[in-house]
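Enquirer: model this:
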Amino acid sequence: MRVLTGVPLLILVFLAAPAAATPAPDLAAIGEHRTVLVGAEVAIRVGMLNRGPGVLRPGHHAVVRLPTNVSVRSAPVDCSSDWSRNGFEYRCAVRHTLAAGERAIFEFRLRVELSQGRAGEVLVDGRMAGITLSQSAPEIVPLPDPGPVGPISAGGVLLAMGVLLTLTNRSRAR
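Expert: Have a look, this model is predicted:
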């Protein structure tokens, strides 16, 4: 083996800088809660929100399970229906890029068939938001309090009778 002496040895070391990690999007499910009357048709807007910091690319989806007390009048074109072990559900695809702070909203037109039913839900990336459409109980308007009843009322009657008798006696005395 021969050793070089007197010759400067230059060794270049190229360290690859780690590629900057692309931040992942933080997704939140968007549900809806409403009080409606049976027979009413309503539009609900559910979906997902990208809370950032990363960008959500097309291809993700939200699973929408509607409440059991509704019938579907119309569903978004980006949502396909399916019967699962959890009941009737829709898989709604995000077809565009969602930057931080942007939403993907899916609008369903529903008819409320029963006053109450099992709540629905929106599932996005392991997170859930609820959907409820229920009829509120009829408001009970209390009647005005007629006041105390019993001895006081009987006393009022006796007082009125006493005044009446006094007036009658005075008119006879004349």
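Enquirer: now do the top strand by length along the chain: which elements does it pack against?
Expert: Criterion DSSP state E: the longest strand present in the chain is strand 41-53. Strand 41-53 sits against strand 25-30, strand 32-35, strand 61-65, strand 103-112, strand 120-124, strand 127-134, with contacts defined as 3 or more CB pairs under 8 Å, 6 or more residues apart in numbering; DSSP states H and E. Just so you know, the C-beta spots here come from the backbone N, C-alpha and C atoms, and that holds for glycine as well.
Enquirer: identify each buried residue in it, please.
Expert: Within strand 41-53, the residues scored as buried using 16 or more other CB atoms under 10 Å are Val42, Ile44, Val46, Gly47, Met48, Leu49, Asn50, Gly52.
Enquirer: what mean pLDDT does it have?
Expert: If you average the pLDDT over strand 41-53, you get 94.
Enquirer: got a list of contacts for that strand?
Expert: By CB atoms under 8 Å, 6 or more residues apart in numbering, the list of residues contacting strand 41-53 from outside reads 23, 25-32, 34, 36, 56, 60, 62, 64, 73, 92, 94, 98-112, 122, 124-125, 129, 131, 133.
Enquirer: mind running it again at 7 Å?
Expert: With contact meaning CB atoms under 7 Å, 6 or more residues apart in numbering, strand 41-53 is reached by 23, 25-32, 34, 36, 56, 62, 64, 73, 98-112, 122, 124, 131, 133.
Enquirer: of those residues, select the buried ones using a PyMOL command.
Expert: Here is the PyMOL command that picks out the buried ones among the contacts of strand 41-53, judged by 16+ other CB under 10 Å:
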select buried, resi 25+27+28+29+30+31+32+36+56+62+64+98+104+106+108+110+111+112+122+124+131+133
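Enquirer: dump the helices and strands packed on strand 41-53 into CSV; add mean pLDDT and distance to Asp82 as well.
Expert: Shown next, in CSV, are these (pLDDT from 0 to 100; distance: least, CB to CB, whole Å):
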stretch, mean pLDDT, distance to Asp82
strand 25-30, 92, 18
strand 32-35, 88, 21
strand 61-65, 93, 9
strand 103-112, 95, 15
strand 120-124, 91, 13
strand 127-134, 78, 17
